[in-house]
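for reference, the sequence and a predicted model appear below.
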Amino acid sequence: EFVTVKSLSEDNQPVGVEIFYYRPDRSLESYIYAQKATILDGNIWMLSGINEKRWVNGKETVETKESLQWKSIFTGMTLKELTMPSSTFSIRQLNQYITYLQNTDQPSIEFKIALWQKLGRTILTLAMILLAIPFTFSVPRSPGLGSRLAIGVIVGLLTYISYQIVVNIGLLFSLNAAMVTLTPPAFILAIALVLVYQFDQRH
């Protein structure tokens with residue numbers, strides 16, 4: 001079962017709903033188009049303006065209906081939530097949507113990366129804070145303090161930009177989400193810890 005929704009109305013009701021039903025051999029069994037839908041309680045949609053097609057033994061049948069009840073597959077998340085960027089989802093929402101995508105054999109790499117980025121960004125933030133220590137906690141009146149601060153800012157920006165590039169490459173080539181999002185921050189954190197240790201030994 002595969003579903004597309006063209007848009008949402010002003011009151012967040014689905015418009016232009018397409019439902020595809022597939023056989024185990026992935027051949028198309030039936031297709032339903034609804035002009036609009038009203039979301040009811042219990043995750044039930046009342047479809048309106050129905051055009052339904054079925055294929056049996058190579059023959060196509062077409063049927064029109066005024067309305068049809070349909071059990072929505074969008075469990076646990078509203079359509080409004082699904083139109084939001086994946087980075088704005090909570091961990092619970094991401095887990096639910098990843099499960100739905102996997103159960104319907106749809107690509108889920110974007111949302112897996114968004115999920116692991118929650119942890120990856122936390123590690124990266126800690127690493128960047130530690131990286132700032134050698135640049136900021138030095139003798140206040142020592143020469144070159146301003147230039148060291150500028151270098152620290154540049155290093156921080158380059159670190160963040162590099163991380164985003166790596167994540168996008170992982171998304172582009174469908175690489176392992178955990179590896180792509182956690183390895184770079186962990187590596188940077190290790191470097192930051194070494195620099196902080198060396199700074200502590202000198203001071």
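In hand now; what should we look at? Numbering: from 1, shown residues only.

tell me where this structure has strands.
Defined through DSSP state E, the strands belonging to the chain, from first to last, are 2-8, 14-22, 28-39, 44-56, 59-71.

next one: the lowest-mean-pLDDT helix or strand in the chain to chain centre, how far?
Ranked by mean pLDDT, DSSP states H and E, the helix or strand of the chain with the weakest confidence is helix 79-82, at a mean of 71. The gap between where helix 79-82 is centred and where its chain is centred comes out at 13 Å by Cα atoms, centre = their mean, to the nearest Å.

and it, which residues are buried?
Using 16 or more other Cβ atoms under 10 Å as the test for burial, helix 79-82 gives Leu79. Using the backbone N, CA and C atoms, a C-beta is placed for each residue, glycine as well.

what are the contacting residues of that helix?
Applying Cβ atoms under 8 Å, 6 or more residues apart in numbering, the external contacts of helix 79-82 come out as 5, 8, 12, 14, 39, 74, 89, 93, 97.

quick one, what contacts the second one?
This points to Leu8. If a contact means Cβ under 8 Å, 6+ apart, then Leu8 has 14-15, 79-80, 83 as its contacts.

rerun that using 6 Å as the cut-off
For Leu8, the contacting residues are Leu79, by Cβ atoms under 6 Å, 6 or more residues apart in numbering.

for the fourth one, same thing?
By Cβ under 6 Å, 6+ apart, Pro14 lies in contact with 5, 37.

let me know the pLDDT of it.
In this model, Pro14 is scored at 90, pLDDT.

what's the neighbour count on Met46?
Each residue near Met46 was counted by other Cβ atoms under 10 Å, and the total is 15.

now it, nearest residue through space, not along the chain?
Taking Cβ to Cβ, 6 or more residues apart in numbering as the measure, Met46 lies nearest to Thr38, with 4.5 Å between them; neighbours along the chain are not counted.

poorly predicted segments of the protein, please.
Using pLDDT under 70 as the threshold, the predicted model of the chain has low-confidence ranges 75-78, 82-83, 138-145, 203.
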